[in-house]
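In: mind folding the following:
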Amino acid sequence: EVQLVESGGGLVQAGESLRLSCSASGLPNDVDAIGWFRQAPGKEREGVSCIRTSDGTTRYADSVKGRFTISSDNAKNTVYLQMNGLKPEDTAVYYCAADTVLAMNIIEIYEFQYRGQGTQVTVSS
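Out: Numbering: from 1, shown residues only. Model prediction:
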């Protein structure tokens, strides 16, 4: 059974940092692209960042470039999203998602076939 479990969300003030974690288990061998997307109330889903765990290739949305960093610890089957310089507009539920590298190159992160339950990130001004 595939499980993606997010943690690390919370309430912070603008300018502060959070680190989200996504612990993965049961993923098929060909699924090595893991990423994050977010959804805020009344807004469309947005792909935030993705990493190919086999070689470290990363991708970021323009809205988070220079502020967020994605990384993976393959020994722990965990992907992290370090979020610095948080802004109120970063407030959303953040979801971890996983799929193949092919999917990483052709579809949005929020369309990945596996996803977690989400963790709330709230940034106050």
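
In: what are the phi and psi angles of residue 74?
Out: phi -70, psi -30 (degrees, to the nearest 10).

In: ugh, typo on my part, it should be residue 59
Out: Phi and psi for residue 59, reported as degrees, to the nearest 10, are phi -150, psi 140.

In: with residue 34 instead?
Out: The phi and psi torsions at residue 34 (degrees, to the nearest 10) take the values phi -130, psi 140.

In: show me the contacts for it.
Out: By C-beta atoms under 8 Å, 6 or more residues apart in numbering, the contact list for residue 34 reads 4, 22, 24, 50, 51, 53, 72, 79, 96, 97, 98. In this view, the C-beta of every residue, glycine as well, is placed from N, C-alpha and C.

In: what kind of secondary structure is residue 102 in?
Out: In terms of secondary structure, residue 102 is helix; the call rests on DSSP: H, G, I helix; E, B strand; the rest coil.

In: count of neighbours near it?
Out: 10 (other C-beta atoms under 10 Å).

In: and it, what's its pLDDT?
Out: At residue 102, the model reports a pLDDT of 91.

In: give me the buried positions along the least confident helix or strand in the chain by mean pLDDT.
Out: Scoring the helices and strands of the chain by mean pLDDT, DSSP states H and E places helix 101-106 at the bottom, with a mean of 91. Residues of helix 101-106 classed as buried by neighbour count (16 or more other C-beta atoms under 10 Å): 101, 103, 104.
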